[in-house]
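> Quick one, fold the following:
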Amino acid sequence: MTDQFAHDAARNDQLILVDGFDQQIGTATKERAHFEGLLHRAFSVVLTRQQDGQTQLLLAQRAEGKYHSAGLWANSCCSHPRAGEQTVDAASRRVVEELGCQTGNLQEIGSFVYRAVFADGLTEYEYDHVLVGACVGDPDPDPSEVSAVRWVTPQELSDELVEHPERFCAWAFTVLPMALAHLA
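Next up is the predicted model:
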């Protein structure tokens, strides 16, 4: 298909294709789903912690080698459940793989559908489940997935989304406000 997935170990994972009601209608490889713009199930995790009596959210900067949105900031972890895998189980697995920490009390707070077409011809067309949970342990990110992490307060995040939107990936403008509203 394309060179964008040459270094992606998960390119052949079988993703769950869904209809507009999030009902499974088939499967496709990650590479095919993004190359053909097929609607598939995904998740976005926002990890939190309490620091000095204040809630903080963990942001992750996508690694430079990512097939799209490289170098942009996003929520803590994003990925896809594999065929036959429950969304919360997949999210817990990917937090460990991408961030090197655990999550506690992970819960879904909502979902939405978005579609973003990138300059390289790939398309994100996802039924995205947004999950919030506590960060357990210190993040130790996989550098092939995440180039940096940082903790921000809700106010810092809200200000940055407005003042510097160019720093964030496409789905951040839905995921992060959903998390902020949930935590408020």
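
> Taking the centroid of this structure, which residue is nearest it?
residue 78 (1.8 Å; C-alpha atoms, centre = their mean).

> any idea which helix or strand carries that one?
strand 77-79 (DSSP states H and E).

> now do residue 174
helix 172-183.

> Can you mark which positions in that helix are buried?
For helix 172-183, burial by neighbour count (16 or more other C-beta atoms under 10 Å) applies to 172, 174, 175, 176, 178, 179, 180. For every residue, glycine as well, the C-beta is placed using N, CA and C.

> contacting residues around the third one?
In other words, residue 175. Taking C-beta atoms under 8 Å, 6 or more residues apart in numbering as the criterion, residue 175 is in contact with 44, 46, 74, 75, 128, 130.

> Now do the contacts for the residue found closest to it once you drop the neighbours it is linked to in the chain.
Excluding the flanking residues, the one nearest residue 175 by C-beta to C-beta, 6 or more residues apart in numbering is residue 44, at 4.4 Å. By C-beta under 8 Å, 6+ apart, the residues touching residue 44 are 74, 75, 77, 78, 128, 129, 130, 131, 171, 175.

> want to throw those into JSON lines with pLDDT?
Listed next are the contacts of residue 44 as JSON lines, based on pLDDT from 0 to 100:
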{"residue": "74", "pLDDT": "96"}
{"residue": "75", "pLDDT": "97"}
{"residue": "77", "pLDDT": "97"}
{"residue": "78", "pLDDT": "94"}
{"residue": "128", "pLDDT": "97"}
{"residue": "129", "pLDDT": "98"}
{"residue": "130", "pLDDT": "98"}
{"residue": "131", "pLDDT": "98"}
{"residue": "171", "pLDDT": "92"}
{"residue": "175", "pLDDT": "97"}
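
> mind putting the residues you listed in TSV, distance to residue 38 included?
Shown next, in TSV, are those (distance: C-beta to C-beta, whole Å):
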residue	distance to residue 38
74	21
75	23
77	22
78	17
128	14
129	17
130	21
131	22
171	17
175	21
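
> looking at this protein, which helix or strand is least sure?
None of the helices or strands of the chain scores lower by mean pLDDT, DSSP states H and E than helix 30-36, at a mean of 91.

> Can you identify the strand in the chain that spans the most residues?
strand 102-117 (DSSP state E).

> What strands line up against that strand, and which way round?
If you go by DSSP bridges, strand 102-117 pairs up with strand 123-136 (antiparallel).
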